[in-house]
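J.: Provided below are the primary sequence and the corresponding predicted coordinates.
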Amino acid sequence: LTDVNATPGESVVVRLHLEDGETVEITAETVTAAILTFQGAADGGPGIDRTDPEGTVLMEAFPRWTWDGEVGGGIYERTATIKNLVG
């Protein structure tokens, strides 16, 4: 998570490397996301609060996953410190 302005529409790729050497690739397009900022263990609120560069941004995203021709909904989450965000 660095470019929080890429959502919605952001592409995501997950590659699973199996023990037999096969690689499975699952792709997704982010449909929507909720962004929260945390300062400390349990203090925070919605959006990005840039007043503390050491604060943590959490993105709960809801993508449309595609794998081997199948399409489904799901969720993923990512975090970053405020100082590492672009945009």
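T.: Here it is on my side, so go on. Numbering: from 1, shown residues only.
J.: and the contacts of the longest strand along the chain?
T.: Across the chain, the longest stretch assigned as strand under DSSP state E is strand 23-39. If you take CB atoms under 8 Å, 6 or more residues apart in numbering as the criterion, strand 23-39 is touched by 4, 6-18, 44-49, 52, 54-67, 73-74, 76, 82. The way it works is simple: take the backbone N, C-alpha and C, and place the C-beta from them, glycine included.
J.: ok, then the element right after it?
T.: Counting by DSSP states H and E, the next helix or strand C-terminal to strand 23-39 is strand 43-46.
J.: if we can go back for a sec, buried sites along the longest strand of the chain?
T.: Neighbour-count burial for strand 23-39, counted by 16 or more other CB atoms under 10 Å, picks out 26, 28, 30, 33, 36, 37, 38.
J.: pLDDT on that strand, on average?
T.: The average pLDDT for strand 23-39 rounds to 91.
J.: tell me the strands beside that strand, with direction?
T.: strand 11-17 (antiparallel), strand 43-46 (antiparallel), strand 56-67 (antiparallel) (DSSP bridges).
J.: what's the next secondary structure element after the longest one?
T.: The reference is to strand 56-67. Next element after strand 56-67 (DSSP H and E): strand 70-73.
J.: strands paired with whatever helix or strand comes next after that next one, and their directions?
T.: Counting by DSSP H and E, the next helix or strand C-terminal to strand 70-73 is strand 76-81. Next to strand 76-81 in the sheet, as set by DSSP bridges, lie strand 56-67 (antiparallel).
J.: hang on, the earlier thing: hey, C-alpha coordinates of the longest strand of the chain in PDB?
T.: Provided in PDB are the C-alpha atoms of strand 23-39 (Å, rounded to 0.1, in the frame of the first residue of the first chain):
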ATOM      1  CA  THR A  23       2.700 -21.100 -10.100                       C
ATOM      2  CA  VAL A  24      -0.900 -20.100  -9.700                       C
ATOM      3  CA  GLU A  25      -1.800 -16.500 -10.500                       C
ATOM      4  CA  ILE A  26      -4.900 -14.900  -9.100                       C
ATOM      5  CA  THR A  27      -5.700 -11.300 -10.300                       C
ATOM      6  CA  ALA A  28      -8.100  -8.800  -8.900                       C
ATOM      7  CA  GLU A  29      -9.500  -5.300  -9.600                       C
ATOM      8  CA  THR A  30     -10.300  -3.300  -6.500                       C
ATOM      9  CA  VAL A  31     -14.000  -2.300  -6.600                       C
ATOM     10  CA  THR A  32     -14.100  -0.200  -3.400                       C
ATOM     11  CA  ALA A  33     -12.200   0.300  -0.200                       C
ATOM     12  CA  ALA A  34     -12.400   1.700   3.300                       C
ATOM     13  CA  ILE A  35      -9.400   3.600   4.600                       C
ATOM     14  CA  LEU A  36      -8.700   4.100   8.300                       C
ATOM     15  CA  THR A  37      -5.800   5.700  10.200                       C
ATOM     16  CA  PHE A  38      -4.500   4.300  13.500                       C
ATOM     17  CA  GLN A  39      -2.300   6.100  16.000                       C
END
